[in-house]
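> based on what follows, work out the 3D shape:
(chains A and B)
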Protein chains: 2
Amino acid sequence: MNYIPPTGDRMLRKGIIIFACMMMVFVASLPAEGTIGDLRTDPRTPFPGENVTVKYIIVNHGDTDITVNVTIRFDNNEIGRKNGLIVKAGSSYTGEMEFTSPSSPGKHTLVLYGNNILLKSLDIQIVEDKPASFLVYFIVIAAIIGVIAALVLARDVMSRDPGTQKMQDISAAIAEGARAFLNRQDRTITIISVPLGILLGIVYLITYDWRMAIMIASAFLFGAFCSVLSGFIGMYISVRANTRVAAASQKSFKEALTLALRGGAVSGLIIVTMSMIGVSVLYYLFGFVFNTDPRETPYLIVGYGFGASFVALFAQLGGGIYTKAADVGADLVGKVEEDFPEDDPRNPAVIADNVGDNVGDCAGRGADLFESTAAENIGAMILGVALYPYFGINGVIFPLVARAFGIIACVIGVFSVRAREDEKNPMRPLNMGFYVTVILLICFLTIINYELLNFNLYFLCANIVGIITALIIIWITQYYTEAGYRPVDSIAEASKTGAGTTIITGFGVALETTGLTVITLAISLLISFYLGVLAVVNGALTTITPWEGGLYGTAMTTIGMIAPAAYILAMDTYGPITDNAGGINEMSGAPEEIRARTDMLDATGNTTKALTKGYAVGSAALAAFLLFSAFIDSVEFHRPWTLIIPGSEIPGVNLSVMEVFVGAFVGAMLIFLFTSFALRAVGKAAFAIIEEVRRQLREIPGLREGKAKPEYGRCVDIVTRAALKEMVFPSLLVVIVPAVVGIFLGPAAVAALLMVGTIVGILMATTLNTGGASWDNAKKSIEKKKLKGTPQHAAAVVGDTVGDPFKDTAGPSLHVVIKLLSTVNLVLAPLFFLLR
Amino acid sequence: MNYIPPTGDRMLRKGIIIFACMMMVFVASLPAEGTIGDLRTDPRTPFPGENVTVKYIIVNHGDTDITVNVTIRFDNNEIGRKNGLIVKAGSSYTGEMEFTSPSSPGKHTLVLYGNNILLKSLDIQIVEDKPASFLVYFIVIAAIIGVIAALVLARDVMSRDPGTQKMQDISAAIAEGARAFLNRQDRTITIISVPLGILLGIVYLITYDWRMAIMIASAFLFGAFCSVLSGFIGMYISVRANTRVAAASQKSFKEALTLALRGGAVSGLIIVTMSMIGVSVLYYLFGFVFNTDPRETPYLIVGYGFGASFVALFAQLGGGIYTKAADVGADLVGKVEEDFPEDDPRNPAVIADNVGDNVGDCAGRGADLFESTAAENIGAMILGVALYPYFGINGVIFPLVARAFGIIACVIGVFSVRAREDEKNPMRPLNMGFYVTVILLICFLTIINYELLNFNLYFLCANIVGIITALIIIWITQYYTEAGYRPVDSIAEASKTGAGTTIITGFGVALETTGLTVITLAISLLISFYLGVLAVVNGALTTITPWEGGLYGTAMTTIGMIAPAAYILAMDTYGPITDNAGGINEMSGAPEEIRARTDMLDATGNTTKALTKGYAVGSAALAAFLLFSAFIDSVEFHRPWTLIIPGSEIPGVNLSVMEVFVGAFVGAMLIFLFTSFALRAVGKAAFAIIEEVRRQLREIPGLREGKAKPEYGRCVDIVTRAALKEMVFPSLLVVIVPAVVGIFLGPAAVAALLMVGTIVGILMATTLNTGGASWDNAKKSIEKKKLKGTPQHAAAVVGDTVGDPFKDTAGPSLHVVIKLLSTVNLVLAPLFFLLR
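The predicted structure follows:
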């Protein structure tokens, strides 16, 4: 894989610029559509006794002037009238008036008449601004529990025997390399994030005021900082747990498994707790210190989500490029050119290779799941605003309270894991812990629902649908990626006839996974949406539209699916810890029997890593619908009547409109292009390390014979720099393309870009993740049959090589891309009106 | 690649059935939206003096009854009034009345007043039903010219020296196998098509009447028959031209090139001419024999398009599976297990392998391009109906007339090709011919525009945009698939480090292609749409909406892009002819110098094949927007007011509606799943032929030593049966899934399925086609450097093997899928209302 001067890249970049310019030329805002009469109140959900502004529009589409007598009635009492209003042909009249909303709660109706014909009626629910439930304190309690549990677990892990000096040395070298990578990565992130934060502030300063500007910019920077921190914590604990798990495995299988899970749980708990604390603190600060209306605050916290996902993309993509470039680079020169065995200390890239596991899997996925939980919280809170009339502030804080109880359930789940010494299937205790978590969660959610949502059975069912969806998605992932089922076995069979058929069969399997995954997600979306609709149609929620109810239903499902996130994250981080422990055992020459133990742990680690990815994609899919509903809400918030189609209550992202269709087209393309860049970045970064390894072998005398020590640090440094260089362009692409489309083609086009980009992103990520995992496991199943060295194994190794950047670079980065697309648009929404 | 009992398939199929059932449970038709008042005329484009029915609806959204005085005015004259009409709260009133449209042409306005407020106004343009222009005769003239030219060319080809007896024998065996495959395939197609045609008739009998039923069913069967015939013709001539080109190459390079192109031109011309004749005959028959309103006829001809694309999918997918299964099967047993050289007569699968090129490339692509041209004609005609008030029948027949002149231009283009004996770049004469065609086309289109569309410059520009788009897409394809540019060279470089990096780099390149392709198509769509909008805003077309004008603009661009189809098809068929000619030369032991000539021809053949695929995807993209606009029109035609959003003129395919979003999600998934099935089908069919080759080698004594003749026929037979078996499920999936979604989630959801499925289909097809072609050319560029037998070459061969089913099975089949999705929905539209 050689470095070729990027003439094509330049061509492509030029293409994008030309595209942008062409769009500018063709901005032809079609004439604004209006309806015969329209009506809205500001704010949309008034408090009792609050002063409310009513706006109304009368549009005359005809070609003769008309005379209208306008009457506005509130609960059949006339509150406004204008007689003999002349509306000229083809123009419209916009009027405004104030009234005081009643102090008694209940449903009220506002009606607009023109010449005694009802032009528009609007239902308004006035409820007491009832104070937040006492459950809100559980956010603080859960935060304390989460942090204490993490500290207890961390103390427990650190107090264990770190193994022999040799083991500690290896571990220290890995930790050193990982730290070096993160330091440099964080510098790059800072250089890009701070100006972006300032830019954001400027956009809001132009469109709003300095108060908004400061809030949005500081939320962005705070989110970015927390995301960096969560990556750091994930990596910090795992590079210390690995050697201790290796040492423990020399005594007891049971202890090793428990220790690995607890090590994983430290980062899981810290990350999820931190995401909750971050959102809560901002909500409190913006609400009480900046004195923002509680109905507006969620729109300001989106900056936090954007910051988090922006950094997460760098972390996941940079880490993913690093880990695979180091892997490929070490293998190609070490194994292919020099015939060194795996993990040979003479190979200058060997430490870089081991560092990769930590920066890709731990730091990257840590940041990824941090932003997932943050983005989902915020998305659900924005939708909660729509239900403000019913549940007051309780509907808005429901996601945070649910998260709080989720943390408590996960803590109990982690501590409940009890492994047996003679465990046949190491997944059993992990699964048991998960089931404990899930059952607790259902109990907790029932309690929260009772207290916050007046025991709304529809929404409770939606929560449970989310939990079931998580289980089904995990099963599907298991079926497609584990040996013993048809898909992986067919790949192993196909490798008998060579590398070509291995790739074709594996790619076929990978694509096939999307079938059941999409069917599950589609059914889950439909059920949760209809549950929300039923809550409106059959329930007490009469003034919101069925559409808004349906959205809150999907929000509830997402909350259910994401509730056990801390436990899942613990299982995920368990993966690289056991992987590294196995490596340390191997390098320090542990006996066969002990290595069998870590191999067994490692095998479960591979499974848990694959499952987490399935879970992450699934929850991203649900969260995405949440987030782009929030985007639509946000556009309405910033510029009312932009997307709501006059005469209909549903905002329009209409694919029949050419600009919207083009937005959708570009959204799908963006995913393909991002995948291309991510895959090629691995190649380019790998080339950089190959050059360096060759140089060291050439210039350091005695290295090949094992007499001199290679410069490990330089390899780490070079692959770090290459990975960071390659991560910038694709990441910025994901921010710039939606911004360009939004500015030139408008908010509806960017909403389509978002939605179709998300759909394609989910499919592509599923394909890449499954492909990678099933090739890997097909290779492992062949190795289990002691067929190493056969042509069949060689073919399977090709599959594994192809799968590596699929599942560790491009696939996981796409999860982040999906959510970044949503958050970037949420934040940039005001910008899309500047040119209109 | 082994056959595994399809438990996973069954699981997936079950999943689909469960999905369908779940959907049924959740069909919760949300309350119908209405606006305060609405108005429409039937028919939408009345003739002068015709009796017109006006329907109006008054909707009361409020909760008090209202009393309305309704007045309808036409050109300010009251034509209807109803006083004291009481519309109850929450209900609506629908009224109907007749009036006679004026006999003088011009713009007229219909207005609905309620209590003196204008509720809705509707512009109606009355024009003389002016007779079709004299240019309509050119359809007949072009048909005659096309057929005569094809016969002249065929006669010319057949009169040439067919070479030695040995060459003729090989050619005869290939022809025999291809004939056998097509016969059996046609039987399968008949078995599935005839019941489907009857089913279609029944659907229309239930929703309409026997007249509609007969027309739609017969159009479907006629389309299917023509599609079968075009596949047969494409194959018939190419299996005869191959040996003659081989013989010609022994005398002169110039003669061989001209002959190959002329052989290709026979099928190109016949297919395009037949598509035009088919549509014209149906239009004439339905219009004059069945006496259908010329404004309705295009909606009935869609059956023809559906039949054509349904058969084309079978032909392309079946042929694609056949060709790659035979290829892989012959190679794996012959080369890998038995160490036979390529094309060794002892290999029982060798003839099957050669047959494959013809059934996949010639017959398959013949049917593919037949349905493309048919579908595009019909889609453009349906949109032409919207412009009926301006251009009368001329707007509807414009696509047919443009096609007629396209054929004439292509005939001249083909005859203008003059090769030199010492040609350095054999693409030069082919390109020259293409440029002649294009220049002629621009002249012709100007003339047609002047005569039929009153010289509308906007639409002429849109035509030219289409032609330019075709050129750019061809250049992009060339850049990404030809050696000498960065993409292919980077793959060749990557193969130095093994098969894994070859695949990753190639896949990265393949994905990258979508970037420039989508940007080009997006710009082209936007420009053509805005040209149409400008034609409305700045032109005389005042009564259609800018949206309708924009659609006709894209239709014009599509017409421009598809106009040189016959020439492109000639270049495409040139590919397999030269490929086969090279094979015949090789097998019959021609000297090195002559083989170099056919190798050179073969190399251009590969290029032209790749370019055609790029062109086919590009035109499919434009045609798709045409076709789903036609679908929306068709839904409106069958059940007015279904998709048009009240108060707005643009029909809604609104992604914010959950059902529509799920439709989009399923549409994207369908493409991934289809690709998976297509790839795996190749594996399964290859396994069948491997078994048979092994059996013959085992059971026929003396076969391995060359003393006995293998049973070629049985191999052909077995791979035929396997390919046909595997093609059925994926093909039916493409018909069934949209039908299920349409029935349970409604026409808007199916429109989203269509649109997003098309977007993803274009991206996936582009990726697969480019990937396949660039791996192939990377391998060839390595072979050119005389590196055959090196590890680098071995790695490149793996890439080529992976690319084969990408570019010859899945990719081209996706072109057809895109259009089949549109036509199946166009035809099934009435079915989607049965459950509503």
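
> use CA for all of it now, contacts and neighbours both
OK.

> pull stretch A:398-416 out as CSV, backbone CA atoms only.
Coordinates of the C-alpha atoms in stretch A:398-416 are reproduced here as CSV (Å, rounded to 0.1, in the frame of the first residue of the first chain):
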residue,chain,number,x,y,z
PHE,A,398,-37.3,12.1,32.7
PRO,A,399,-34.3,11.1,30.6
LEU,A,400,-31.9,12.3,33.3
VAL,A,401,-33.8,10.5,36.0
ALA,A,402,-34.0,7.3,34.0
ARG,A,403,-30.2,7.6,33.4
ALA,A,404,-29.6,8.0,37.1
PHE,A,405,-31.5,4.8,37.9
GLY,A,406,-29.8,3.1,35.0
ILE,A,407,-26.4,3.8,36.7
ILE,A,408,-27.7,2.3,40.0
ALA,A,409,-28.9,-0.8,38.2
CYS,A,410,-25.6,-1.2,36.4
VAL,A,411,-23.6,-0.9,39.6
ILE,A,412,-25.7,-3.7,41.2
GLY,A,413,-25.4,-5.7,37.9
VAL,A,414,-21.6,-5.4,37.9
PHE,A,415,-21.2,-6.4,41.6
SER,A,416,-23.6,-9.4,41.0
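
> that stretch - what's its average pLDDT?
Stretch A:398-416 shows an average pLDDT of 91 in the prediction.

> next one: stretch A:472-492
90.

> need phi/psi at A:Phe290.
phi -90, psi 0 (degrees, to the nearest 10).

> can you report how many residues lie near it?
13 (other CA atoms under 10 Å in any protein chain shown).

> how close does it get to B:Lys254?
Separation of A:Phe290 from B:Lys254 (CA to CA, to the nearest Å): 82 Å.

> what of A:Ile271?
Relative to B:Lys254, and taking CA to CA, A:Ile271 is found at 72 Å.

> higher neighbour count, the two?
More neighbours surround A:Ile271 than the other of A:Ile271 and B:Lys254, with 32 against 18 (other CA under 10 Å).

> in this structure A:Thr578 contacts A:Leu601, no?
Yes. Under the criterion of CA atoms under 8 Å, A:Thr578 makes contact with A:Leu601 at 6.0 Å.

> which one's the longest helix in chain A?
The single longest helix within chain A, with elements called by DSSP state H, is helix A:592-638.

> mind giving me the packing neighbours of that helix?
helix A:210-249, helix A:365-386, helix A:457-481, helix A:499-537, helix A:546-562, helix A:565-587, helix A:747-784, helix A:811-828 (3 or more CA pairs under 8 Å, 6 or more residues apart in numbering or on different chains; DSSP states H and E).

> let's see it at 6 Å
helix A:365-386, helix A:565-587 (3 or more CA pairs under 6 Å, 6 or more residues apart in numbering or on different chains; DSSP states H and E).

> so for A:Thr578 and A:Leu601, which sits in the more crowded spot?
Neighbour totals were compared for A:Thr578 and A:Leu601, and A:Thr578 leads with 32 against 27 (other CA under 10 Å).

> my read is that the more buried one contacts A:Asp602, right?
Yes. In this structure, A:Thr578 is within contact of A:Asp602 by CA atoms under 6 Å, at 5.2 Å.

> pLDDT of stretch A:731-742, averaged?
Mean predicted lDDT for stretch A:731-742 stands at 90.

> quick check: next helix or strand after the lowest-mean-pLDDT helix or strand in chain A?
The helix or strand of chain A with the poorest confidence is helix A:7-25; it has a mean of 50 (mean pLDDT, DSSP states H and E). Proceeding N to C from helix A:7-25, the next assigned helix or strand is strand A:37-42, under DSSP states H and E.

> can you name the next helix or strand after that following strand?
Sequence order places strand A:51-59 as the next helix or strand after strand A:37-42, per DSSP H and E.

> before we move on, the earlier item: now the helix or strand just after the longest helix of chain A and helix B:499-537, what's the angle there?
For helix A:592-638, the following helix or strand on the C-terminal side (DSSP H and E) is helix A:658-699. Put simply, helix A:658-699 runs at 160 degrees to helix B:499-537, going by axes from the mean of the first three to the mean of the last three CA atoms, to 10 degrees.

> pLDDT of helix A:658-699, averaged?
89.

> and for stretch A:186-194?
Averaging pLDDT along stretch A:186-194 yields 89.

> what is the three-state secondary structure of A:Pro162?
Following DSSP: H, G, I helix; E, B strand; the rest coil, A:Pro162 is assigned to coil.

> does it touch A:Arg244 like I think?
Yes. Under the criterion of CA under 6 Å, A:Pro162 makes contact with A:Arg244 at 4.5 Å.

> out of those two, which sits in the more crowded spot?
Comparing A:Pro162 with A:Arg244 by other CA under 10 Å, the one with more neighbours is A:Arg244, at 29 against 20.

> mind listing what that one touches?
Taking CA atoms under 6 Å, 6 or more residues apart in numbering or on different chains, we find A:Arg244 in contact with A:161-162.
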